[in-house]
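Asker: 3D, please:
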Amino acid sequence: MPLTDLTLTDEARIPGACAAIVKARAAVLRGIAVQRELIAAEKEGRPIRLPRSAKRHDASNRRPRRWWFVSPTDGGLRLNILYGHRPVALRDGLTTIVCDGLDGVVAALGVVAANIHELDAGLASVISARPHDRRSPRKTCP
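Answerer: Below you'll find the model as predicted:
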């Protein structure tokens, strides 16, 4: 098929808040994959094998933070979904999922991954709460 048979338009992609949500969703899905690998390594009693990052040449020293923790009240496992090291509100401002063991954590991660679009409001609040520009302001010449 030659190029002349294609229908062309002058529309361009519109950058904006939608792009930030899509990027945040992708980051959460990557984090879920890392958490699944952490759980598999813990169950098998082996070291963590994470893929090399394009930015970091030595991924063997990478020790990601676990999203699950032991509850101090009853000793059960709890799970937070994190974006930018901050917990994401899942529903009605609640950020913690109650899980039954590591298998429950894996199941909860699967449910969150399957319903990633429902986290948009929580992701938007985390995105809006973070500082946007960490650079020092430019000095102006007198």
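
Asker: how would you label the residue nearest the centre of the chain: helix, strand or coil?
Answerer: By CA atoms, centre = their mean, the chain has its centre lying nearest to residue 28, at 1.9 Å. Following DSSP: H, G, I helix; E, B strand; the rest coil, residue 28 is assigned to helix.

Asker: so what's it up against?
Answerer: By CB atoms under 8 Å, 6 or more residues apart in numbering, the contact list for residue 28 reads 81, 83, 88, 112, 116, 119, 123. C-beta coordinates here come from the backbone N, C-alpha and C atoms, glycine included.

Asker: which among those residues gets closest to residue 43?
Answerer: Taking CB to CB as the measure, residue 43 lies nearest residue 112 of the contacts of residue 28, at 19.6 Å.

Asker: In helices, which of the contacts of residue 28 appear?
Answerer: 112, 123 (DSSP state H).

Asker: Mind putting the contacts of residue 28 into a markdown table with pLDDT?
Answerer: Below are the contacts of residue 28 laid out as a markdown table (pLDDT from 0 to 100):
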| residue | pLDDT |
| --- | --- |
| 81 | 96 |
| 83 | 94 |
| 88 | 95 |
| 112 | 96 |
| 116 | 94 |
| 119 | 93 |
| 123 | 93 |
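
Asker: ok, which stretches of this protein are helices?
Answerer: So, for the chain - with DSSP H - the helices run 17-44, 101-114, 120-129.

Asker: who wins for proximity to residue 92 among those helices?
Answerer: helix 120-129 (10.3 Å).

Asker: which of the contacts of residue 28 are buried?
Answerer: Buried subset of the contacts of residue 28 (neighbour count, 16 or more other CB atoms under 10 Å): 81, 83, 88, 112, 116, 119, 123.
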